[in-house]
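Student: after the sequence you'll find the predicted model.
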Amino acid sequence: MQAPTDRYHLAFWGLVAAFVALALVPLATVDVLPFLDAGQHLRVAAILQRWDATPAYAAAFERLGVPTPYFLWYRLVGLLAPLLGVEGAARAVIALSLAALPLAAIVLLRQARHSRWLVLAVLPWMWNADVMWGYFHVALALPLFIAMLAAHLSLVRAPALWKAVVVSVLVSLLAVTHYAFWLAGLVLLPGLAAVFGARSHWSRALLWPMREVACIAPSVALLLPWAQRSVDIASFGSQWRDAFAVEAQLPLTALRAAVDRMFDQFQPHPKHLEAMADLWLRRPGDMLSAVWLGALALWVLGTVRQGQREAAELELADASEPHDTADNLGARYLGIATAGLAVLYFVLPRQVLRPLWLFNVNVRLVEAIAIVGVCALPLRVLAPPPQARKRTWAGTIAFGVVAAGVPILALQAVTLGSAEYDRMRDAFRSIPNGSSVLTLHGQAGSAWLRQPTFTNLGEWWDVAGSGYVPQAFADPMLQPLRLRSRAARPQPLGDDHGTFSFEEHGRFYDYIATWHDPFAAPPPFAGELRALPVVYARGRWQVYRVPNPTPWPPPPPLTAAELATVPHAERCLWAKLGLTPLGPVDNATAAPSPGLLDALRCLEAAHPFASDPARAADPSQPEERPPGMLAPMPLRHAPRGLVDMPRLLRLPEPEAAPPAAPGWAPGPAEPPVPKQASVLH
């Protein structure tokens with residue numbers, strides 16, 4: 001029996017429009033999108049938008065002229081940026097991704113001939129984990145994947161050339177949006193075609209998969225130029241083999257990861273729950289996830305009851321009367337698609353292709369499994385059988401509660417999380433355009449979002465202004481823009497800025513911006529910045545100017561002609577430190593040239609952090625070192641602390657001593673300095 005999908009048009013579309021509008025409110029009310037990767041994606045979009053107007057970008061970045069797996073989102077933002085600005089265009093594309101998800105699900109339900117009211121279970125997934133973490137490519141790829149399944153279901157039901165073209169276009173769009181859904185499409189489409197072709201005729205079991213391969217071929221050709229430039233084809237198989245051997249998850253671990261991808265993304269978990277009210281006050285995401293799963297269980301039970309009722313009706317009907325099974329095609333198709341996605345989720349490793357850093361490959365499919373699985377239910381939501389009416393309507397109400405609760409909690413978390421950025425725009429406006437800026441954070445995590453939001457805080461400088469920040473892009477091989485290796489300046493660990501050192505990192509930048517809670521303990525890097533002039537200090541933000549920044553990149557290595565003029569002992573020392581590509585040398589026979597010890601001691605004086613800490617703090621203290629022994633070189637700072645050593649070693653010879661005054665007699669001669677061969681070992 002066909003589900004009544006054409007009833008209550010006005011009520012249905014009014015309800016969907018209300019939920020979509022509620023989901024878009026957080027995007028329109030906050031000043032900063034407080035998501036982990038939001039700053040990175042906006043930074044790439046801003047650089048691409050200003051590329052022609054800022055020639056200096058070409059020295060720091062490499063722009064690929066071919067489509068990449070992350071191409072479409074930046075392209076859409078670039079098309080809207082002249083009208084709305086980069087941030088406004090990004091919000092418009094994010095809003096389009098959110099609103100397109102229920103619309104794509106409605107199209108899929110229509111092609112499956114299921115009740116369109118099943119979309120109530122899809123509405124909460126507009127604010128899924130990928131949106132909350134700032135993975136905007138995944139948010140855009142999800143509705144495209146659902147639409148691809150809808151187009152392919154229509155092609156399987158009634159083959160036509162124009163439907164095959166639509167499927168091919170959607171697969172090509174997925175190829176330049178996100179790799180996980182594209183890979184899933186490469187596996188699912190031929191498999192589904194083979195299954196349903198075999199049910200019709202044995203020849204179609206071969207012909208239909210070939211048709212799907214032809215639909216997929218343009219997407220492969222679209223990414224082929226990128227793969228030739230970025231993927232090591234020779235080691236491709238070994239990388240996948242190693243990934244499956246090391247990174248595959250156990251089934252129980254995969255189930256826990258699936259639950260973690262639901263709606264509990266709003267705030268960190270407390271260590272203890274003191275009362276039942278804490279379940280809602282402190283773990284609202286967990287509560288909504290549990291309600292959604294409970295509502296799904298009620299709908300599944302209602303579907304089982306409905307199937308039993310229809311089976312009983314068929315037994316009473318005349319067996320000779322033809323029975324139309326066309327309406328069951330949608331349920332079978334979506335059921336097999338859900339099973340295929342589940343198999344891919346449990347089989348695919350967590351991370352593959354380490355040089356490309358394809359991380360969290362399988363967990364991207366959790367939202368697709370939930371949405372396609374709900375759409376596979378042949379449940380008549382508005383007119384269930386009497387045996388399933390209470391269960392069905394209770395599940396419907398529960399889904400409505402979750403569909404309203406998720407965007408409300410998202411609005412709260414996004415609003416409070418945006419307030420944590422405080423006066424970020426004012427702080428960055430105090431820095432001239434074209435400056436190199438290092439941003440340090442006092443804490444990596446947010447108080448309102450379950451993510452290390454502030455690890456990418458510095459990337460917002462390239463959105464608010466125009467200059468250089470040290471952060472490299474995530475998944476660099478998939479981006480349309482890459483940071484040149486020689487342009488990457490030293491920086492502390494992204495999630496632990498307590499490792500910051502001015503000598504190692506800060507001296508290479510024009511400005512250093514800091515963000516920390518003024519009511520918390522001072523961060524570890526605060527003491528090293530006190531001597532710098534303050535440009536901006538308000539709220540959580542301080543901006544310091546570095547008076548004489550060390551130029552970057554470092555001087556190029558010596559040429560062969562310059563190297564030939566350097567004494568042998570210096571070259572042996574450089575080879576020990578990894579500064580000059582020399583072959584093996586016999587250090588035992590290497591003798592220091594005149595002035596080498598003085599040059600090294602001058603270098604030590606210029607870099608007191610490389611010497612004894614006590615002596616660096618008080619140079620008047622005696623040096624506790626055997627006579628003639630050199631100070632230990634700063635190997636822990638290599639190569640950044642030693643990149644300019646070849647130039648520093650080539651110091652001019654000391655001037656000749658002035659003639660002795662009359663009546664002056666020299667003292668006893670000092671014993672000769674022994675060979676320092678052991679120094680070079």
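Tutor: Cool, got the structure. Numbers count the residues shown, from 1 in each chain.
Student: and the longest helix along the chain, what does it pack onto?
Tutor: Taking DSSP state H as the assignment, the helix of the chain that covers the most residues is helix 71-112. When contacts are defined as 3 or more C-beta pairs under 8 Å, 6 or more residues apart in numbering; DSSP states H and E, helix 71-112 packs onto helix 9-29, helix 38-49, helix 129-132, helix 136-157, helix 328-347, helix 366-375. (Each C-beta comes from the backbone N, C-alpha and C, glycine too.)
Student: can you list the buried residues in the next helix or strand after the last one?
Tutor: Right, the one you point to is helix 366-375. Counting by DSSP states H and E, the next helix or strand C-terminal to helix 366-375 is helix 389-419. Buried residues in helix 389-419, defined by neighbour count with 16 or more other C-beta atoms under 10 Å: 391-392, 395-396, 398-400, 402-411, 413-418.
Student: ok, now stretch 212-220?
Tutor: When neighbours are counted by 16+ other C-beta under 10 Å, the buried residues of stretch 212-220 are found to be 212, 215-216, 219.
Student: so residue 502 touches residue 530, yeah?
Tutor: No - with contact defined as C-beta atoms under 8 Å, residue 502 does not reach residue 530; the gap is 10.6 Å.
Student: who has more neighbours out of these two?
Tutor: Neighbours of residue 502 and residue 530, each counted by other C-beta atoms under 10 Å, are more numerous for residue 502; the result is 18 against 8.
Student: part of a strand, is that one?
Tutor: No - with the criterion set as DSSP: H, G, I helix; E, B strand; the rest coil, the secondary structure at residue 502 is coil rather than a strand.
Student: please name the nearest non-neighbouring residue to it.
Tutor: Computed as C-beta to C-beta, 6 or more residues apart in numbering, the closest residue to residue 502 that is not its neighbour in sequence is residue 528, at 4.7 Å.
Student: quick one, phi psi at that neighbour?
Tutor: For residue 528, the backbone dihedrals (degrees, to the nearest 10) come out as phi -80, psi -10.
Student: for stretch 347-362, what does the pLDDT average out to?
Tutor: If you average the pLDDT over stretch 347-362, you get 61.
Student: what does stretch 33-45 give?
Tutor: 92.
Student: which residues does the closest residue to residue 505 other than its chain neighbours contact?
Tutor: Distances taken as C-beta to C-beta, 6+ apart put residue 490 closest to residue 505, at 4.7 Å, once the chain neighbours are dropped. Contacts for residue 490 were tallied using C-beta atoms under 8 Å, 6 or more residues apart in numbering; they are 470, 504-505, 508, 640.
Student: between the residues you listed, which is nearest residue 227?
Tutor: Residue 227 lies nearest to residue 470 out of the contacts of residue 490, by C-beta to C-beta, at 28.6 Å.
Student: tell me the secondary structure of that closest one, please.
Tutor: The three-state assignment at residue 470 reads coil, by three-state DSSP.
Student: if we ignore the residues flanking it in sequence, what's nearest it?
Tutor: Leaving aside its sequence neighbours, residue 470 sits nearest to residue 491 (C-beta to C-beta, 6+ apart; 4.0 Å).
Student: need the contact list for that neighbour.
Tutor: With contact set as C-beta under 8 Å, 6+ apart, residue 491 has these partners: 438, 470-471, 505.
Student: picking up where we left off before, can I get the helices and strands packed on helix 71-112 in a markdown table with distance to residue 517 and mean neighbour count?
Tutor: Supplementary listing: those in a markdown table, determined by distance: least, C-beta to C-beta, whole Å; neighbours: other C-beta atoms under 10 Å:
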| stretch | distance to residue 517 | mean neighbour count |
| --- | --- | --- |
| helix 9-29 | 24 | 15 |
| helix 38-49 | 19 | 24 |
| helix 129-132 | 23 | 25 |
| helix 136-157 | 28 | 25 |
| helix 328-347 | 39 | 18 |
| helix 366-375 | 34 | 24 |
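Student: quick one: the helices in the stretch 101-250 of the chain?
Tutor: 129-132, 136-157, 161-175, 179-200, 204-230, 236-246 (DSSP state H, counting those that start in this stretch).
Student: average pLDDT for the longest one?
Tutor: In this case it means helix 204-230. 92.
Student: that helix versus helix 71-112: what angle between them?
Tutor: Orientation of helix 204-230 against helix 71-112 (axes from the mean of the first three to the mean of the last three C-alpha atoms, to 10 degrees) gives an angle of 170 degrees.
Student: now do the fourth one
Tutor: In terms of direction (the same axes, to 10 degrees), helix 179-200 departs from helix 71-112 by 30 degrees.
Student: nearest spatial neighbour of residue 417, chain-adjacent residues omitted?
Tutor: Closest residue to residue 417 apart from its sequence neighbours, by C-beta to C-beta, 6+ apart: residue 34 at 3.4 Å.
Student: if we can go back for a sec, make JSON lines out of the helices of the stretch 101-250 of the chain and add distance to residue 545.
Tutor: Shown next, in JSON lines, are the helices of the stretch 101-250 of the chain (distance: least, C-beta to C-beta, whole Å):
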{"stretch": "helix 129-132", "distance to residue 545": "36"}
{"stretch": "helix 136-157", "distance to residue 545": "34"}
{"stretch": "helix 161-175", "distance to residue 545": "46"}
{"stretch": "helix 179-200", "distance to residue 545": "42"}
{"stretch": "helix 204-230", "distance to residue 545": "39"}
{"stretch": "helix 236-246", "distance to residue 545": "45"}
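Student: of those, which is nearest residue 79?
Tutor: Residue 79 lies closest, by C-beta to C-beta, to one member of the helices of the stretch 101-250 of the chain: helix 136-157, at 13.6 Å.
Student: what mean pLDDT does the closest one have?
Tutor: Throughout helix 136-157, pLDDT has a mean value of 96.
Student: what residues does stretch 42-51 touch?
Tutor: For stretch 42-51, the surrounding residues in contact (C-beta under 8 Å, 6+ apart) are 33, 57-58, 61, 63, 74, 77-78, 81, 86-87, 89-90, 459-460, 462-463, 466, 469, 473, 479-481.
Student: stretch 81-91 too?
Tutor: With C-beta under 8 Å, 6+ apart as the test, stretch 81-91 has contacts from 27-28, 33, 38, 41-42, 45-46, 49, 76-80, 92, 136, 463.
Student: one more: stretch 413-432?
Tutor: Contacts made with stretch 413-432 from outside it, assessed by C-beta under 8 Å, 6+ apart, are listed as 26, 29-34, 132, 265-267, 437, 446-449, 453-454, 457, 460-461, 464-465, 467, 510-511, 513, 515, 535-536, 538-543.
Student: same deal with stretch 468-477?
Tutor: By C-beta under 8 Å, 6+ apart, the list of residues contacting stretch 468-477 from outside reads 37, 40, 43-44, 60, 70, 230-231, 355-359, 435-439, 456, 458-459, 461-462, 479, 481-483, 487-491, 494.
Student: and the residues you listed, which are buried?
Tutor: Listed as buried from the contacts of stretch 468-477 are 37, 40, 43-44, 60, 70, 230-231, 356, 358, 435-439, 456, 458-459, 461-462, 479, 481-483, 487, 489-491, 494; burial here means 16+ other C-beta under 10 Å.
Student: SS state for the residue nearest to residue 505?
Tutor: When the structure is split into helix, strand and coil by three-state DSSP, residue 490 lands in coil.
Student: I'd assumed residue 403 was in contact with residue 19.
Tutor: Yes - taking contact to mean C-beta under 8 Å, the distance of 5.2 Å between residue 19 and residue 403 places them in contact.
Student: now the residue nearest to residue 502: how far from residue 516?
Tutor: Distance of residue 528 to residue 516, given as C-beta to C-beta, to the nearest Å: 14 Å.
Student: could I get the average pLDDT for stretch 89-109?
Tutor: Confidence for stretch 89-109, expressed as mean pLDDT, is 97.
Student: right, I mislabeled it, should have said stretch 173-186
Tutor: For stretch 173-186, the per-residue pLDDT averages 93.
Student: re the thing from before, which of the helices and strands packed on helix 71-112 sits closest to residue 309?
Tutor: The closest approach between residue 309 and any of these, judged by C-beta to C-beta, belongs to helix 328-347 at 15.3 Å.
Student: quick check: the nearest residue to residue 166 once chain neighbours are set aside vs residue 291, distance?
Tutor: Across the structure, with C-beta to C-beta, 6+ apart as the measure, the residue nearest residue 166 apart from its sequence neighbours is residue 151 (4.7 Å). The span separating residue 151 from residue 291 equals 32 Å under the rule C-beta to C-beta.
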